[in-house]
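Asks: Make a model of this:
(4 chains)
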2 protein chains.
Amino acid sequence: MSETAERRYHHGNLRAALLARAETVLREEGAGALSLRELARDVGVSHGAPRRHFADKQALLDALAVVGFTRLGETLAAADPGTGPFPARAGAVARAYVGFATREANLLDVMFAAKHTTPDPTAIAAAADRAFLPVLALITDGQAAGALAPGDPEDFGVALFATLQGLAALANRGMLADATLDERVDDAVARLLRGSAPR
Amino acid sequence: MSETAERRYHHGNLRAALLARAETVLREEGAGALSLRELARDVGVSHGAPRRHFADKQALLDALAVVGFTRLGETLAAADPGTGPFPARAGAVARAYVGFATREANLLDVMFAAKHTTPDPTAIAAAADRAFLPVLALITDGQAAGALAPGDPEDFGVALFATLQGLAALANRGMLADATLDERVDDAVARLLRGSAPR
DNA sequence: ACCTGAACACCGTTCAAGT
DNA sequence: ACCTGAACACCGTTCAAGT
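Replies: Numbers count the residues shown, from 1 in each chain, chains lettered A, B, ... in the order given. Model prediction:
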């Protein structure tokens, strides 16, 4: 294992290894605990080596954000049953979103950090857009089925996303004492759906 | 309460001076630029001195969070005209919240950071509760006026706050390209009000 | 009581040098 | 092309000593 594995490792897998380790540290200890030097140590490489693959710490965080949006997109796509009444589909996707947002709270912080000042800021935006594509399709279905008033699907999409993002933020900060998160989600989504029905 | 106990350093109160300087740095450069050592330098004191007033960096951040919630409460209270139709009052308060949240984006990050692991975590929670008191009163008025369905005011409050917090987050991350923030706020609040009317 | 200054153990970043 | 290791300038935190 040693010779070939070492060689392969150092020739092409360092970026992936750093990213994987960073994801674990992020999940377990938060973004504040991320250190390029410690990551390098963990992965068995000198502290200067990461620079080859991440120009600076922010570049590493940006790469984590892209990973996060990709995972989120998969989660959302998998959550939509694709058939059945619109409110049931919307509720399933909504619970999946806040589930992801609370399970991966630290990752979410990195995904929505206001810092992305790196070489290619569009990479993150593109990953984010891709993640929300399944939701936009769902909304279009809802309009076609007469459950939602017609109009730009993004209007409802923004309102829905804002609601869920806000609920996740409250939950992650421990500010949702009285009711459970899913109850809050169901209640808020129900209000939004009622207020977005055709009139 | 009135614990401005006039601790003196060269020209006055070190704790207050550090806090004031920290608020400026936070507003202009973000939480990442906050350094206890630099703050001490700015204020003309040795790097060990802040420790007298803030046990560690997190204690400073927590104190900033309390300041932020206090300011937010004042802003919300001032925004409610106190009379007039409920939707107009709710709209005014909603716009005031997102206005604060976008004007003081860095402060908001600190206020809602998930870190508060310090001696007195209840201080922040208490400040937050106090900040939202005026909104709860407004909701009660709305129920009395028949604009909102009866029930625990906190149910509507959580949904409203989540929506606004989410919109502010989107705006602060530059993810609200198409429409202006106030348009998004008005649209989302209108949906929420329609969906929360008595049936 | 409040502040100073040295000390310690960590960082991120840069860069000449190795392979 | 990829990685090492020394160097630099910064941190947060601790603590004996000063005032």
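Asks: Now for the nearest residue to residue A:105 once chain neighbours are set aside, how many residues are close by?
Replies: What sits nearest to residue A:105 in space, not counting adjacent residues and going by Cβ to Cβ, 6 or more residues apart in numbering or on different chains, is residue A:172, at 4.5 Å. In short, each C-beta sits where N, CA and C put it, glycine included. Residue A:172 is flanked by 19 other residues according to other Cβ atoms under 10 Å in any protein chain shown.
Asks: List the residues that contact residue A:172.
Replies: Applying Cβ atoms under 8 Å, 6 or more residues apart in numbering or on different chains to residue A:172 gives the contacts A:101, A:102, A:105, A:108, B:114.
Asks: Among those residues, which has the minimum pLDDT value?
Replies: Across those, the member with the lowest pLDDT is residue B:114, scoring 71.
Asks: got the contact list for that one?
Replies: Neighbours of residue B:114 in contact, by Cβ under 8 Å, 6+ apart: A:30, A:105, A:109, A:172, A:173.
Asks: Residue A:166 now?
Replies: If you count contacts by Cβ under 8 Å, 6+ apart, residue A:166 has them with B:161, B:162, B:163, B:164, B:165, B:166, B:167, B:169.
Asks: And those residues, which is closest to DNA strand C?
Replies: Using Cβ to the nearest atom of the strand, residue B:169 is the member of these that lies nearest DNA strand C, at 25.1 Å.
Asks: which residue sits closest to the closest one, ignoring its sequence neighbours?
Replies: Using Cβ to Cβ, 6+ apart, the nearest residue to residue B:169 is residue A:165, at 5.6 Å.
Asks: Please identify which helix or strand holds that neighbour.
Replies: Of the helices and strands defined by DSSP states H and E, residue A:165 is found in helix A:153-172.
Asks: could you give the angle of that helix to helix B:153-172?
Replies: Using axes from the mean of the first three to the mean of the last three Cα atoms, to 10 degrees, the interaxial angle of helix A:153-172 with respect to helix B:153-172 works out to 110 degrees.
Asks: Going by neighbour count, which residues of helix A:153-172 are buried?
Replies: Of all the residues in helix A:153-172, those buried under the rule 16 or more other Cβ atoms under 10 Å in any protein chain shown are A:153, A:155-172.
Asks: State the next helix or strand along the chain beyond it.
Replies: Using DSSP H and E, the helix or strand that follows helix A:153-172 towards the C-terminus is helix A:181-196.
Asks: which residues sit against stretch A:29-41?
Replies: Contacting residues not belonging to stretch A:29-41 are listed as A:18, A:21-22, A:25-26, A:46-50, A:54, A:57, A:60-61, A:106, A:109-110, A:113, B:114-115 [Cβ under 8 Å, 6+ apart].
Asks: so where's chain A uncertain?
Replies: Low-confidence segments of chain A, defined by pLDDT under 70, span residues A:1-9, A:11, A:115-121, A:178.
Asks: Around DNA strand C, pick out the residues from it.
Replies: Within chain A, the positions near DNA strand C by Cβ under 7 Å from any atom of the strand are A:34, A:35, A:36, A:37, A:38, A:47, A:48, A:51, A:55, A:56, A:57, A:58.
Asks: Return a ChimeraX selection command for the buried portion of these.
Replies: Selection command for ChimeraX covering only the buried members of the residues of chain A next to DNA strand C, criterion 16+ other Cβ under 10 Å:
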select /A:34,36,58
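Asks: Looking at the residues of chain A next to DNA strand C, spot the one nearest residue A:190.
Replies: Taking Cβ to Cβ as the measure, residue A:34 is the one of the residues of chain A next to DNA strand C closest to residue A:190, at 38.7 Å.
Asks: What's the separation between that closest one and residue A:15?
Replies: Using Cβ to Cβ, to the nearest Å, residue A:34 is found at 16 Å from residue A:15.
Asks: repeat for residue A:169
Replies: Computed with Cβ to Cβ, the distance linking residue A:169 and residue A:15 is 31 Å.
Asks: Hmm, residue A:143 and residue A:90 touching each other?
Replies: No - with contact defined as Cβ atoms under 8 Å, residue A:90 and residue A:143 do not form a contacting pair (11.9 Å).
Asks: was I right about residue A:60 contacting residue A:22?
Replies: Yes - using Cβ under 8 Å, residue A:60 is in contact with residue A:22, at 6.1 Å.
Asks: ok so, going back, let me have the contacts of residue A:172 in CSV, extended by distance to residue A:10 and secondary structure.
Replies: As requested, the contacts of residue A:172 are arranged in CSV below (distance: Cβ to Cβ, whole Å; DSSP: H, G, I helix; E, B strand; the rest coil):
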residue, distance to residue A:10, secondary structure
A:101, 36, helix
A:102, 37, helix
A:105, 34, helix
A:108, 33, helix
B:114, 36, coil
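Asks: and of those residues, the nearest to residue A:66?
Replies: Closest to residue A:66 out of the contacts of residue A:172 is residue A:108 (13.6 Å), distances taken as Cβ to Cβ.
Asks: Look up the closest residue to the closest one, ignoring the ones flanking it.
Replies: In space, residue A:108 comes closest to residue A:101 once its chain neighbours are excluded; the distance is 5.1 Å by Cβ to Cβ, 6+ apart.
Asks: What is the neighbour count of that neighbour?
Replies: Using other Cβ under 10 Å, residue A:101 is surrounded by 23 other residues.
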